[in-house]
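Colleague: Coordinates for the following, if possible.
(2 chains)
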Amino acid sequence: MTQERASRKKGSHTATVLSNVQAGECFWKLRLRFDGEAAKAFAGFTPGQFVQFDVSDLAIPSTDSIPTALLDGARRSVLLRRPFSFSDVTADGDTTTADLLYCIVGPASLRMTTLREGDTTHLIGPLGNGFAVPEGKRTALLVVGGMGLPPIRCLAKSLSVEHPDITAVAFIGSRTVNALPLEERPARFDEGLSLSVPTFATLGIASMVATDDGSAGHRGPVTKCLSHWLQENADRPREETVVYACGPERMLAAVARIANETDIDCQVSMERRMACGIGLCQSCAVECRVAGSDEIIYKLCCQDGPVFDAREVFFGADDA
Amino acid sequence: MTERFDMSVEFAGLTLANPVFTASGTCGYADELADFMDVDALGGFITKSITLKPRKGNPTPRIVETDAGMLNAIGLANVGLERFVAEKLPVIAHMKSAVFVNVAGTTIEEYVAVVERLADEKALAGFELNISCPNVKRGGISFGTDPTQVEEITRAVKKACGSKVLIVKLAPAVTDISVTARAAVAGGADALSLINTFTAMVIDIETRRPVLANRTGGLSGPAIKPVAVYLVNKVYREVAREAGIPLLGLGGIRTAADAIEFLIAGATAVAVGTASFVEPDCAVQIVAGLRDYCDRKKINRLAELTGSLDRPV
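Modeller: Sure, this is the predicted structure:
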């Protein structure tokens, strides 16, 4: 193993908070700086990998800063680390900067809002296997469901910088417009494909928004947009196309089905409850097919994933 | 480097470099922890449970956090004996710590078959008999709560152990843990480990369903530590001291101070479980903390702490 690769191995690291700002009704953006060995470790971060944050010793925000829905559980103790994926990682000399876009859903994420510039955070990472870019791909279709956005945003940047020959298109879905974890909102969301979502437009990636309630963009599931795009671009060679998806499992199952039916490579980022994130606790089991047989086995989301080949994942009894 | 303090402990005929183990089910098969700590710095290492055949384990969700701990219902998911021998044993063979294989099964014959296959492996110091797992429908805790079965399975496995050490892991949720402890000693146990997790439940109030797919899980973490200390002390006073059997104490240990409590209560060694999920190198931090304690309290030999609860300081 080369010295460079050895320094990139996973480990326990500290990071300095550069900023932590509210980026929407329940979304926050945390910017971290890694120095020294941690900087080297995260310079090699692959989109789709994750980190385990220790939030157990963070303060609880003042009562007036706590969303009403969380008042009851805000003081609940936090023991285990929480897994997150970065939305951006930038290596610059001896430091690496990483952005974490998070949603306040419980006592752990609520505590994270109290982090301030200059604070030190403790995390374990980089963990798991991220998205891969197979040889010969010319088109990447990025499918996002709600909080699945951060790792796909990270992948989008990586594609634009390291694979400029690949044309990427983003499909962003959500229940409603306010549940979209977007830092910057365009004045209006176009019904069709456009450069309307700044998060992707700044990377030169066209995007399309779909909401279940029609509050922005196309009304209906984002997977319909994906299907529609594939029909309209049926002349593109399937073997040169790859689909990447992160979001709710029902959406991932639908994306996997579409990719399978159209014979397109597809990688999905799975989510499971995790305790350790490093293969000790075995809690994050994902049902997977054994190639060439009907057997279903459990793989670990933290070690074998979180990114899996969609053909491998068994999404349930009605999984085709 | 020569130790300034004698950190070694005598454990069932073995001399261990220090009294800190990792607990079964929380440390994988050692290679998972290698990125985070020097696994050779541990006194002992107990593998994840091994069964005769591979086990898929329970459906998800398999864990849920509580205020001072967590519930798990993994269901003894493991690679099975064959793959353990082929893939994990070669890794373990390089370890300097005393390695124990935690053995589980649904019948006595299965336990015996696993132990017989591994009894001659030089890489292993011994076995830990898992008769107290609450998360499997057959075997597990059903063996561990009936003293007659505890004695029977211990005797059968001890016979298959050869010269290896046999630790029997006791279930905490029994009327009197000293009864099952005596049964294990009568069956030939060389050491006892206590405690395993407590069967517990967390309910999702929105769906009015248990959070875990298995409905119940085993409670571990800081929540169970005071109970574990009490049970270690009880078994030490009522069974182990007289029988000359060492105890491996575990349950919610995450600091050196926690470990010292267990030693004072009567444990010869301690194992770190759930805390390894939060801090993967927690066990080696505890070894360092024990050194600091020895320094501060002017203790030259750490083993003197064992069972010192009622001795004047």
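Colleague: need the contact list for the residue of the stretch 1-150 of chain A found nearest chain B.
Modeller: The minimum distance from the stretch 1-150 of chain A to chain B, using C-beta to the nearest C-beta, falls at residue A:77 (4.7 Å). C-beta coordinates here come from the backbone N, C-alpha and C atoms, glycine included. Contacts for residue A:77 (C-beta atoms under 8 Å, 6 or more residues apart in numbering or on different chains) come out as A:56, A:107, B:67, B:68.
Colleague: which residues sit in contact with the residue lying closest to the second one once chain neighbours are set aside?
Modeller: Same thing as residue A:107. Counting by C-beta to C-beta, 6 or more residues apart in numbering or on different chains, residue A:76 is the residue found nearest to residue A:107 once chain neighbours are left out, at 4.5 Å. Counting by C-beta under 8 Å, 6+ apart, residue A:76 makes contact with A:106, A:107, B:67.
Colleague: right, and the first one touches residue A:67 too?
Modeller: No: using C-beta atoms under 8 Å, residue A:106 makes no contact with residue A:67, being 10.6 Å away.
Colleague: that older thread, from residue A:259, how far out is the residue nearest to residue A:107?
Modeller: Going from residue A:76 to residue A:259 by C-beta to C-beta, to the nearest Å gives 39 Å.
Colleague: Show me which residues of the stretch 51-200 of chain A sit near chain B.
Modeller: Residues of the stretch 51-200 of chain A lying close to chain B by C-beta under 8 Å from any C-beta of the partner chain are A:54, A:56, A:76, A:77, A:78, A:79, A:80, A:81, A:124.
Colleague: Could you export these as TSV, including secondary structure and pLDDT?
Modeller: What follows is these, written out as TSV (DSSP: H, G, I helix; E, B strand; the rest coil; pLDDT from 0 to 100):
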residue	secondary structure	pLDDT
A:54	strand	95
A:56	coil	92
A:76	coil	91
A:77	coil	92
A:78	coil	95
A:79	coil	95
A:80	coil	96
A:81	coil	97
A:124	strand	96
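Colleague: How about the longest strand anywhere in chain A and chain B, touching?
Modeller: In chain A, taking DSSP state E as the definition, the longest strand is strand A:11-22. Yes: Strand A:11-22 reaches chain B (C-beta under 8 Å from any C-beta) through A:11, A:12.
Colleague: Quickly run through the sheet partners of that strand, with directions.
Modeller: Using DSSP bridges, strand A:11-22 pairs in its sheet with strand A:27-35 (antiparallel), strand A:120-127 (antiparallel).
Colleague: What residues of the helix or strand hosting residue B:109 count as buried?
Modeller: Using DSSP states H and E, the element containing residue B:109 is helix B:108-118. Across helix B:108-118, burial judged by 16 or more other C-beta atoms under 10 Å in any protein chain shown covers B:108, B:110, B:111, B:112, B:113, B:114, B:115, B:117, B:118.
Colleague: got the residues of the stretch 201-313 of chain B near chain A?
Modeller: With C-beta under 8 Å from any C-beta as the criterion, the stretch 201-313 of chain B meets chain A at residues B:221, B:222, B:274, B:276, B:277, B:278, B:279, B:280, B:281.
Colleague: quick check, nearest of those residues to residue A:247?
Modeller: Among those, residue B:277 lies closest to residue A:247 (C-beta to C-beta), at 26.6 Å.
Colleague: now for the helix or strand hosting that closest one, which elements pack on it?
Modeller: Here residue B:277 is covered by helix B:275-278, with elements defined by DSSP H and E. Counting contacts by 3 or more C-beta pairs under 8 Å, 6 or more residues apart in numbering or on different chains; DSSP states H and E, helix B:275-278 is packed against helix B:282-297.
Colleague: Contact partners for the most centrally placed residue in chain B?
Modeller: Nearest to the geometric centre of chain B sits residue B:23, at 4.4 Å (C-alpha atoms, centre = their mean). Counting by C-beta under 8 Å, 6+ apart, residue B:23 makes contact with B:46, B:250, B:271, B:272, B:273, B:276.
Colleague: any idea how far it lies from chain A?
Modeller: Shown here: residue B:23 relative to chain A, a distance of 10 Å by C-beta to the nearest C-beta, to the nearest Å.
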